[in-house]
Structures are given as structure tokens and as C-alpha cells.
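*Asks:* Any chance you can model this:
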Amino acid sequence: MISRRMLLAGLASLPWLMPPVQAGDVPALVAQLSRELEGEGWQRRPSDRPGIWRLDAPAQIGTLHLAIHHRPERRWLALYALYPRKLVSSEREALLARLAAVNHALPAGVNFELDLADGDLRCKLGLDDGRGQLDMAALRHGLYLLAASYLQRSPVVFATTAQPQPAALAPPAALAKATPPSMPGLDAIAAAMRQQGWPAEPDAAGPFIQTAYAQDGRRIPLLVSLDRPLASLLVEAYPGRALRVPASRLAQAARWLALANYGLPLGAFDLAAGTGRLSFRHAQRLPAAALLAPCLHDALMVASVAMYRQLPQLDTLLEDMPR
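*Replies:* Coordinates of the predicted model:
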């Protein structure tokens, strides 16, 4: 049985054993990656559902079950680390109380999902296919980040269940190696947004570009920034720029978050318990320079539409609060 450190090192640095696969050919990418990982003790399990692949990796916590779900007609790929069993009712309630804090500490784009109805628990990372340019580096990086996040936060999650608790895992230093040698500055990001028809202004609160999405008389503020260690674009959408969830409604908000996040293929709703700020966060790995503007537009639309669709539920949850 290999250690967790070996597991993550394998995802980060396995040699290229097969010729390159054309970007965007997800089945071929998964097949090649599976063949590479088999040499490190991984096993590919068959699935009777098209567009779904399952991989099992040995780790000190037992077998780490990973799943890849591809929807080509919707241009996304969801990666999952699956908890080994369903949670009983008492475990669900105990985890629900701390799930928002667990997810807020994870990199944007990664979150634990809990089905409050049947106790299904999984850690998810959604990848946009980058307009058909998803490649092996992005897939490998995604699986690495997912496995690292699951193993790092699992002691907190497992503490609410009867599952044996693994030791905490230090943040993987190898992630920094995924950063490309050059990244666009915020000026280039703002120019790409304007090219796609989005207003773009610097934000006084930090290194962000602010914009907004409007539909049916509702305005959704958005912030765009760069996550340089993870070489990603980060888009955050808010129901209201000044809105904060008070302490008296945090428990209600945590339950709403669990319901809203389960099954979302891309991004996740997030609650910063310390400030009460509620948002939708979506991270997209930086595309090639020629695709920056259209891929940035896609990321902005993912965050905007996700927040817009939840506004009726948020209006109920946050009624009588100033926006």
C-alpha cells in the first residue's frame, strides 16, 4: 500500500508513458491517465454509465475512490472523491454544522457535497472544458488538487462520523510547479472582459476586477481575480455587495448551502462564517491566451447564472436584510 504522499507525488510527476492525446478528447485522456496510474497501484473500475469513469487509489485511509463524470454537450468535467459509505442522520447533522467552514478553507472550485436526504458525501472539483482545449496537464492537475484537498480536510470531516480519522496532510508544495511562467495581469483580464461586453473596473478593496450581471431587474455583482498558485481565474458572484448573513441565520444558511451545492457540476456557493459573506465561487484553469476572452466570458456566465437561479431561495432566506 502506498502512502498518501506517494499518491499525490504520483499524480504530480508520473512520466509520460504514451504519446500525447489531442486536447478535448476526454475519453482518450482518461484512458491514457488510467494506464499511467495503474503502474502506481491504481485500479480502473468499470462503469455501466457512459461518460463516467472510476479509479481506485490505495492510501493510508484505505482505498481512495475517485470518479470522473463528463458531459460533452454541456462542456464540463466533474471530478469526485467519494466517501466510503453514506452518512446516517446523526452524522449528517453533525457534519452540516461545520461543512461551510470546511469548504471555505478549500481552494475555490473544490468543495464537499452532502446529500441531506440519503447521506451521500463526496468531494468535487468541476472543470470547464476550456472550449474543447482540456488537456492532460489540466486533468492531472485537477485530480491532484482534488485528492490533496480531500486528504487534507478529511480529518475535520471524519471527526463527525464513525470513520477512522487519518492524519492531516500538509499542503502539497508541488502545486506551485503547475503555475505557468507567465500569467496575464489584471489589465489584460479587464481588456478581455470588455472584449466580451462585460464592464470592468478595478476594485478598491483588493486585486480584483469588478463587474455585474443584470437580468429581470436584478443586479448580481461579480469580482474577478487571479489565483496564481493554482494558475486559475477566480470568479465570485454575490446576491448583494453589502449583504452579510447574521449569526442568527448561519444555521439556516448552512442547510441552504448543502441543498444548493449538491449536484452542481461547476463552482459552489460559499459562506464565510467569520464575516457572514455569501457568494458563489468558480475557478477556471487559465486557458491559452487566444481563448482568454471567450473562456472568461464562460466563467462569468457560470457564476452569474448559478447565483441568478438561487435568488428566489436567497430572498426567502435573507428577507428584510439590506442589499
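*Asks:* how about the strands in this structure?
*Replies:* With DSSP state E as the criterion, the chain has strands at 43-45, 52-59, 62-71, 76-82, 110-114, 121-128, 201-202, 209-215, 218-227, 232-237, 268-272, 277-285.
*Asks:* Take these and lay them out in TSV including mean pLDDT and distance to Tyr150.
*Replies:* Every residue, glycine included, has its C-beta placed from N, CA and C. Shown next, in TSV, are those (pLDDT from 0 to 100; distance: least, C-beta to C-beta, whole Å):
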stretch	mean pLDDT	distance to Tyr150
strand 43-45	83	18
strand 52-59	80	10
strand 62-71	81	7
strand 76-82	89	4
strand 110-114	93	8
strand 121-128	91	4
strand 201-202	90	36
strand 209-215	94	31
strand 218-227	92	19
strand 232-237	92	18
strand 268-272	92	15
strand 277-285	91	16
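*Asks:* right, so of these, which gets closest to Val302?
*Replies:* strand 277-285 (5.1 Å; C-beta to C-beta).
*Asks:* Parallel or antiparallel, list what pairs with that closest one.
*Replies:* strand 232-237 (antiparallel), strand 268-272 (antiparallel) (DSSP bridges).
*Asks:* Now do it and strand 110-114, the angle between them.
*Replies:* 120 degrees (axes from the mean of the first three to the mean of the last three C-alpha atoms, to 10 degrees).
*Asks:* if I pick Asn103, what's in contact with it?
*Replies:* Asn111, Phe112, Leu257, Asn261, Ala268, Asp270 (C-beta atoms under 8 Å, 6 or more residues apart in numbering).
*Asks:* okay, among those residues, which ones form the most distant pair?
*Replies:* Phe112 and Asp270 (11.9 Å).
*Asks:* and the strands paired with strand 277-285 as a markdown table, adding mean neighbour count?
*Replies:* Shown next, in a markdown table, are the strands paired with strand 277-285 (neighbours: other C-beta atoms under 10 Å):
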| stretch | mean neighbour count |
| --- | --- |
| strand 232-237 | 24 |
| strand 268-272 | 21 |
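*Asks:* Throw the strands of the chain into TSV and include distance to Gln310, thanks.
*Replies:* Formatted as TSV, the strands of the chain follow (distance: least, C-beta to C-beta, whole Å):
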stretch	distance to Gln310
strand 43-45	34
strand 52-59	27
strand 62-71	21
strand 76-82	18
strand 110-114	15
strand 121-128	16
strand 201-202	25
strand 209-215	13
strand 218-227	10
strand 232-237	10
strand 268-272	7
strand 277-285	8
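*Asks:* so which of those strands gets nearest Ala138?
*Replies:* The closest of the strands of the chain to Ala138 is strand 277-285. By C-beta to C-beta, the value is 5.2 Å.
*Asks:* Can I get the closest one in CSV, CA atoms only?
*Replies:* The C-alpha coordinates for strand 277-285 follow below in CSV (Å, rounded to 0.1, in the frame of the first residue of the first chain):
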residue,chain,number,x,y,z
ARG,A,277,-20.5,36.9,3.4
LEU,A,278,-22.3,34.6,1.0
SER,A,279,-21.0,34.1,-2.6
PHE,A,280,-20.8,31.7,-5.5
ARG,A,281,-17.2,30.9,-6.4
HIS,A,282,-16.0,29.4,-9.6
ALA,A,283,-12.4,28.8,-10.6
GLN,A,284,-11.3,28.0,-14.1
ARG,A,285,-7.8,27.0,-15.1
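*Asks:* re the thing from before, which among the strands paired with strand 277-285 is found nearest to Ser90?
*Replies:* Using C-beta to C-beta, the strands paired with strand 277-285 put strand 268-272 closest to Ser90, at 22.7 Å.
*Asks:* tell me the angle of the closest one relative to strand 121-128?
*Replies:* Using the same axes, to 10 degrees, strand 268-272 lies at 120 degrees relative to strand 121-128.
*Asks:* contact partners of strand 268-272?
*Replies:* So strand 268-272 is contacted by 100, 103-104, 108-109, 111, 124, 245, 250, 253-254, 257, 260-261, 277-281, 306, 310 (C-beta under 8 Å, 6+ apart).
*Asks:* who does the top helix by length along the chain touch, helix- and strand-wise?
*Replies:* Secondary structure of the chain per DSSP state H: the longest helix is helix 292-317. If you count contacts as 3 or more C-beta pairs under 8 Å, 6 or more residues apart in numbering; DSSP states H and E, helix 292-317 packs onto strand 121-128, helix 186-195, strand 209-215, strand 218-227, strand 232-237, helix 250-261, strand 277-285.
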